[in-house]
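Asker: Need the 3D shape of this:
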Amino acid sequence: MKRLATATVAAVMAAAPVMADLVFPSLSYRTGAYAANGIPFADGYADYFTLLNERDGGIGGVMTRLLECETGYNTEKGVECYEATKGEGSLVYQPLSTGITYQLIPKATADGIPMHTMGYGRTSAANGKVFSNVFNYPANYWNGASLVVNHLLDINGGDIKGKTLALVYHNSAYGKEPIPTLEALAAKHGFNLSLLAVDHPGQEQKSQWLQIRRERPDYVAMWGWGVMNQVAIQEAANIRFPMENFIGVWWSGSENDVLPAGDAADGYKHITFHNVGDDYPIFDDVAKYVVDAGKAAGAGDQVGTVLYNRGFYAAMLAAEAVRKAQEIHGVADITPAMMRDGMEALEITEARMTELGMPGFGPSFAVSCENHGGPGTGAVAQWDASAKKWSLISDFSSPDMSVIQPLIDADSAAFAAENNITGGCN
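Answerer: Sure, this is the predicted structure:
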């Protein structure tokens, strides 16, 4: 694996030998306010490709090559990383930032390179008729907002009329994504929605939590990231807000978010689009071929944690799309355009997940031109402070697409009109 600083990435790659390989850029952030969450994701992403190289000799006989470029969760640096790496034959970009995603959508589309914004980015990119090169399967932010409300309905016998939900959100494109869906769901179910923005990086939240203590909402949802999550959970503990009534999106539910608060974080919840823990056969292979062999991207101590698993899962989905593209086009050393075709024809079954050593880890789904977003299913996980682990406390369920689909249709239609995209599916 190469880890590349933004300032030197072009020069380093210019000197790299030309070889037949499958190139995966990793727009990571191991520095800055979001490093604690960015590092395990980047490690999981890298370790999966290392596993494929060391155990299988790559994918379809072609070795993988990772190009890691540090963004610091900065949109400008993310665009610089994209420009510096796209000429390497990069097959798919996973920016791990909604801000970077918004900037790269027109660039990647014009360059014919696919993007996978798994669980983040522009939600309406689920409409593949408009966003031909952007995929956000298996779930997106609007699905997440609906899953939060579904959980509140479940624990209230299906009736949350008159209840109040406060949204504590990162004051960025990322944090604002769920607001339209929550507003529509509030109108449908009769609950009150309170919006509390937290500015980057999120270390100062006293005023927001004083407002929560004063207004006493029934529930608090969080769209946070990095240090913001830790601070919010500690502030909630300080005002003795019931943790079982505090639920985060999947980016607000890692070990890094709850451990600093100690026992006070017990009972905190988050929604997730994949399972939790390290009880999967594939992690035995990771130990043998990657960690014990001294080839891990990190220290090897993050395997099984939420964000390591998410990066690992993202890499697995990318690798499976490569296999599909190789099958469709009959060549092993595929191009970015072929990768796009593989992603649009991707089908993940439970049988295949079991073959991969990840039974029950993620949902079964199929991608199509009409649906780049997958099923949007999710479950609720809860933190057990004494055991220091997350456990699922619900089954995986579906979001309310009767609310979400019209929002996707309207937003993608507006984007198409603004950008003169006629779209359509063959």
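
Asker: Now do stretch 229-239: everything it contacts.
Answerer: Stretch 229-239 is contacted by residues 37, 168, 198, 202-206, 208-210, 212-213, 220, 222, 224, 243, 246, 248, 252, 254, 256-258, 260-261, 264-265, 268 when judged by C-beta atoms under 8 Å, 6 or more residues apart in numbering. C-betas here are computed from N, CA, C, even on glycine.

Asker: next one: phi and psi at the residue of the chain most remote from its centre?
Answerer: Distance to the chain centre peaks in the chain at Arg214, reaching 33.3 Å (criterion: C-alpha atoms, centre = their mean). Here is the backbone geometry of Arg214 (degrees, to the nearest 10): phi -70, psi -40.

Asker: Could you tell me the per-residue confidence at it?
Answerer: Looking at Arg214, its pLDDT reads 97.

Asker: Flag the helix or strand of this structure with the lowest per-element mean pLDDT.
Answerer: Ranking every helix and strand in the chain by mean pLDDT, DSSP states H and E puts helix 9-14 at the bottom, with a mean of 38.

Asker: Quick check: what element follows that helix along the chain?
Answerer: Note on helix 9-14: by DSSP states H and E, the next helix or strand toward the C-terminus is strand 22-28.

Asker: So for that next one, mean pLDDT?
Answerer: 98.

Asker: Just checking the distance from it to the centre of its chain.
Answerer: The chain centroid and the centroid of strand 22-28 are separated by 15 Å, computed with C-alpha atoms, centre = their mean, to the nearest Å.

Asker: Now do the buried residues in it.
Answerer: When burial is assessed from 16 or more other C-beta atoms under 10 Å, strand 22-28 yields the following buried residues: 22-28.

Asker: can you redo those residues as TSV with distance to Asn419?
Answerer: Shown next, in TSV, are these (distance: C-beta to C-beta, whole Å):
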residue	distance to Asn419
Leu22	30
Val23	28
Phe24	28
Pro25	24
Ser26	28
Leu27	23
Ser28	29
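
Asker: and Ala36, what element?
Answerer: Short version: Ala36 belongs to helix 35-51, going by DSSP H and E.

Asker: That helix versus strand 22-28: what angle between them?
Answerer: For helix 35-51 against strand 22-28, the angle by axes from the mean of the first three to the mean of the last three C-alpha atoms, to 10 degrees is 170 degrees.

Asker: Let me know the average pLDDT across helix 35-51.
Answerer: Mean predicted confidence for helix 35-51 is 97.

Asker: just checking, what packs against that helix?
Answerer: strand 22-28, strand 64-70, helix 255-258, helix 282-286, helix 306-329 (3 or more C-beta pairs under 8 Å, 6 or more residues apart in numbering; DSSP states H and E).

Asker: List the contacts of Pro363.
Answerer: Taking C-beta under 8 Å, 6+ apart, we find Pro363 in contact with 138, 273-274, 348, 374-375, 377, 396.

Asker: same deal with Val62?
Answerer: 20-22, 332-333.

Asker: One more: Gly32?
Answerer: Applying C-beta under 8 Å, 6+ apart, we find Gly32 in contact with 72-74, 201.

Asker: let's see 7 Å
Answerer: Listed by C-beta atoms under 7 Å, 6 or more residues apart in numbering, the contact set of Gly32 reads 72-73.

Asker: what are the phi and psi angles of it?
Answerer: The phi/psi pair for Gly32 (degrees, to the nearest 10) is phi 90, psi -170.

Asker: Likewise for Gly158?
Answerer: Dihedral pair for Gly158: phi 90, psi 10, per degrees, to the nearest 10.

Asker: Repeat that for Ile160.
Answerer: phi -120, psi 20.

Asker: which residues touch it?
Answerer: Contacts of Ile160 by C-beta under 7 Å, 6+ apart are 152-153, 189, 191.
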